[in-house]
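Got a sequence here, can you model it:
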Amino acid sequence: MSNIKKELKNYYSETRKMLECSKRLKTKFINDLLDNIEMYIQENPDATMNDIKIKFGTPGELAESFFYPMDGKDKNEYRNRYKILRKVGIVSIIAILIAIIGLYIFNYIYVKNSTATINYDIIIENGE
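Here you go, the predicted model:
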């Protein structure tokens, strides 16, 4: 039984990698798949990984079935939008990191090593 658990772990991992959607949707899809497979294994204790793939499909078939309700144009639009959003997110994170590093370097080089001093002279005048 431990062998099938390892195979199932790989099966879920491969399916997750093939899904092109948000992390939330991936998690929901995998959790539903896990529940269905666990129920199938309880009903069929002698089931092999091959039986599971026949019943539920390969990771590629599962990933494709995720988009089944959509027509071809909608699938491509969704996938392209997801890829663009992922790239924008990555570029944004990199830009923020560069800005933080730049500010740190500026602070270290120009502010901390500065020899300028600021004198505050207070002049009090009599009201006369």
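
Quick check: the gap between the residue nearest the centre of the chain and Ile41.
Closest to where the C-alpha atoms of the chain average out (Cα atoms, centre = their mean) is Lys23, at 5.5 Å. Distance, Lys23 to Ile41, using Cβ to Cβ, to the nearest Å: 26 Å. Bear in mind the C-beta positions are built from the backbone N, C-alpha and C, glycine included.

mean confidence for the host helix or strand of Ile100?
Using DSSP states H and E, the element containing Ile100 is helix 72-106. Model confidence over helix 72-106 averages 84 on the pLDDT scale.

heads up, I number from 457, so please use that
Yes, from this point I'll number from 457; that puts the last item at helix 528-562.

need the contact list for Ile493.
464, 508, 512 (Cβ atoms under 8 Å, 6 or more residues apart in numbering).

count of residues packed around the first one?
Right, Leu464. Here the number of neighbours of Leu464 (other Cβ atoms under 10 Å) works out to 17.

any idea how far it is from Phe512?
Counting by Cβ to Cβ - Leu464 and Phe512 are separated by 11 Å.

ok, and the closest non-adjacent residue to Gly513?
Ser521 (6.6 Å; Cβ to Cβ, 6 or more residues apart in numbering).

mind checking the SS state of the one you found?
Here Ser521 is recorded as helix under DSSP: H, G, I helix; E, B strand; the rest coil.

Tell me, how many residues neighbour it?
12.

what's the closest of the contacts of Ile493 to Phe562?
Nearest to Phe562 out of those is Leu464 (Cβ to Cβ; 51.8 Å).

Quick check: chain neighbours aside, which residue is closest to the closest one?
Ile493 (6.8 Å).

That neighbour: what secondary structure?
Under three-state DSSP, Ile493 comes out as helix.

same thing with Cys477?
coil.

Can you name the residues that contact it?
Contacts of Cys477 by Cβ under 8 Å, 6+ apart are 485, 522, 534, 538.

hmm, 10 Å instead?
484-485, 519, 522-523, 534-535, 538 (Cβ atoms under 10 Å, 6 or more residues apart in numbering).

hang on, the earlier thing: any shared contact partners between Leu464 and Phe512?
489, 493.

Alright, I will stop here.
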